[in-house]
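# sequence and predicted structure, then a few things I'm wondering about:
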Amino acid sequence: HTNEVLCLLGDNWFSMRTAESAKGVIKRRKAMTTEQKQTLEVQAQRIKASLGMAQDLSRADGATATTTEDGFIEIMEPLGEEDDEDQPS
């Protein structure tokens with residue numbers, strides 16, 4: 001049995017496979033991993049674009065946006081005259 005290798009099938013399940021069969025398993029896993037990576041890269045680009053739009057909108061109103069150590073964005077907007085009238089005295 002020199003041509004057999006122990007192959008992880010998933011979820012801690014193993015099987016003895018021939019080297020050629022194991023190559024097929026590796027090829028399929030590589031394709032699946034590449035596809036998942038591409039999907040995550042697209043999602044990351046969308047999130048970055050949304051973040052940029054939020055920062056641009058906050059600056060347009062005279063607001064300031066800062067990023068905290070935790071990665072959150074804190075937006076501070078100035079009070080206008082109409083906002084002062086809404087406050088109870």
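Received the coordinates, thanks.
# now the longest helix anywhere in the chain: mean pLDDT?
Assignment by DSSP state H gives helix 19-60 as the longest helix of the chain. In this model, helix 19-60 has a mean pLDDT of 88.
# what is the helix or strand following it packed up against?
Moving toward the C-terminus from helix 19-60, the next helix or strand (DSSP states H and E) is strand 64-67. Here strand 64-67 touches helix 19-60, strand 73-76, going by 3 or more Cβ pairs under 8 Å, 6 or more residues apart in numbering; DSSP states H and E. C-beta here means a position set from N, CA and C on the backbone, and glycine is covered the same way.
# save the ones you listed as CSV, and put in distance to residue 6 and mean neighbour count too.
Listed next are these as CSV, based on distance: least, Cβ to Cβ, whole Å; neighbours: other Cβ atoms under 10 Å:
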stretch, distance to residue 6, mean neighbour count
helix 19-60, 9, 11
strand 73-76, 48, 12
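# take the ones you listed and write them to a markdown table, including distance to residue 10.
Below are the helices and strands packed on strand 64-67 laid out as a markdown table (distance: least, Cβ to Cβ, whole Å):
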| stretch | distance to residue 10 |
| --- | --- |
| helix 19-60 | 9 |
| strand 73-76 | 39 |
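# out of these, which is closest to residue 67?
Proximity to residue 67 (Cβ to Cβ) singles out strand 73-76 among those, at 5.6 Å.
# can you list the strands that that closest one pairs with?
Using DSSP bridges, strand 73-76 pairs in its sheet with strand 64-67 (antiparallel).
# starting at the chain centroid, how far to the partner strand?
With Cα atoms, centre = their mean, to the nearest Å as the basis, strand 64-67 stands 21 Å off its chain's centre.
# one step back: of all the helices and strands packed on strand 64-67, which one is nearest residue 66?
Comparing the helices and strands packed on strand 64-67 against residue 66 with Cβ to Cβ, the closest turns out to be strand 73-76 (5.3 Å).
# residues in contact with that closest one?
Contacts to strand 73-76, defined as Cβ atoms under 8 Å, 6 or more residues apart in numbering, come from residues 51, 54, 55, 58, 63, 64, 65, 66, 67, 68.
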